[in-house]
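K.L.:
Let's see this in three dimensions:
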Amino acid sequence: MMKERWTAGMRSTQLSKNLNAVIKNHLKLDHDLVQFFGHFNRVVDKKRHNELIAEYEMRQKLPMVGLRQTPMLVHASETYSPTVFVTFQNEYDESTVMIIVRQQDAGIFVEFVVMRYDGGPERTVIFNRNDLSVRCTCKKYENERILCGHALKVFDTVGIKTIRPKYVKMRWAKRVRAGDCFDR
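P.N.:
Numbers count the residues shown, from 1 in each chain. Next up is the predicted model:
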């Protein structure tokens with residue numbers, strides 16, 4: 001039901017349950033509307049403050065790069081926020097245990113069949129030579145907006161050593177707040 005829909009890996013009610021729990025900690029049944037919005041504003045201010053602290057820490061600390069000579073991981077550590085970098089690094093680690101079973105060249109498109117060396121399901125990755133894009137049958141990128149190990153294996157095979165800009169979503173980039181920010 002969630003295929004090809006961006007969910008950031010969350011279930012549909014996970015976000016609302018978290019926010020509801022936080023708001024319930026600050027509300028009582030006898031509050032009127034003015035008190036409710038006062039408490040609600042405090043909750044929002046606390047969330048914004050925590051986000052600013054996380055951003056400050058992200059800019060002050062460098063993530064641990066497992067394979068230091070790997071251009072893809074170095075580029076990811078410079079591009080992604082620490083949390084997303086860890087997720088990306090896990091996928092990159094997964095790509096190192098992948099093998100290409102078959103490769104079929106069809107002009108602009110190259111079809112790779114990729115699987116783990118120790119078994120597991122085969123996944124088909126279509127690589128487009130024109131725009132250097134990939135589509136994998138596991139649909140991880142479509143669902144979570146992070147490249148899967150299968151696609152990263154194909155990028156490595158064709159010699160792409162940095163993350164293509166189209167695969168870097170601004171919400172997960174380190175510089176997401178580089179510009180001016182206005183509260184509406």
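
K.L.:
going forward, measure contacts between C-alpha atoms and count neighbours the same way
P.N.:
OK.

K.L.:
Can you check what pLDDT the model gives Pro145?
P.N.:
For the record, residue 145 is Arg, not Pro. pLDDT for Arg145: 87.

K.L.:
Tell me the buried residues in the helix or strand where Phe40 lies?
P.N.:
Counting by DSSP states H and E, the element that carries Phe40 is helix 33-60. When neighbours are counted by 16 or more other CA atoms under 10 Å, the buried residues of helix 33-60 are found to be 36, 39-40, 43, 55, 58.

K.L.:
pLDDT averaged over it, what's the number?
P.N.:
For helix 33-60, mean pLDDT is 78.

K.L.:
Beyond that helix, next helix or strand please.
P.N.:
As assigned by DSSP H and E, the chain's next helix or strand after helix 33-60 is helix 71-79.

K.L.:
With just CA atoms, put that following helix into CSV.
P.N.:
Listed next in CSV are the C-alpha coordinates belonging to helix 71-79 (Å, rounded to 0.1, in the frame of the first residue of the first chain):
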residue,chain,number,x,y,z
PRO,A,71,34.8,9.1,-2.3
MET,A,72,31.1,8.2,-2.1
LEU,A,73,31.1,8.0,1.7
VAL,A,74,33.3,11.2,2.0
HIS,A,75,30.8,13.0,-0.3
ALA,A,76,27.8,11.7,1.7
SER,A,77,29.4,12.8,5.0
GLU,A,78,29.8,16.3,3.6
THR,A,79,26.3,16.3,2.2
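
K.L.:
Buried residues, it. List them.
P.N.:
By neighbour count, and taking 16+ other CA under 10 Å as the criterion, the buried residues in helix 71-79 are 72-74, 76-77, 79.

K.L.:
Check which element follows it along the chain.
P.N.:
helix 82-95.

K.L.:
shaky segments in this protein?
P.N.:
By pLDDT under 70, the low-scoring segments of the chain are 1-19, 22-23, 25-28, 58-69, 175-184.

K.L.:
The residue most central in space within it in helix, strand or coil?
P.N.:
Central residue check for the chain by CA atoms, centre = their mean: the C-alpha nearest the mean position is that of Ile146, 4.1 Å away. Secondary structure of Ile146, reduced to three states by DSSP: H, G, I helix; E, B strand; the rest coil: coil.

K.L.:
Report the separation between Tyr117 and Phe37.
P.N.:
56 Å (CA to CA, to the nearest Å).

K.L.:
circling back: pick out whichever of the buried residues of helix 71-79 sits closest to Lys140.
P.N.:
Ala76 (17.4 Å; CA to CA).

K.L.:
got the contact list for the closest one?
P.N.:
85, 88, 162-163 (CA atoms under 8 Å, 6 or more residues apart in numbering).
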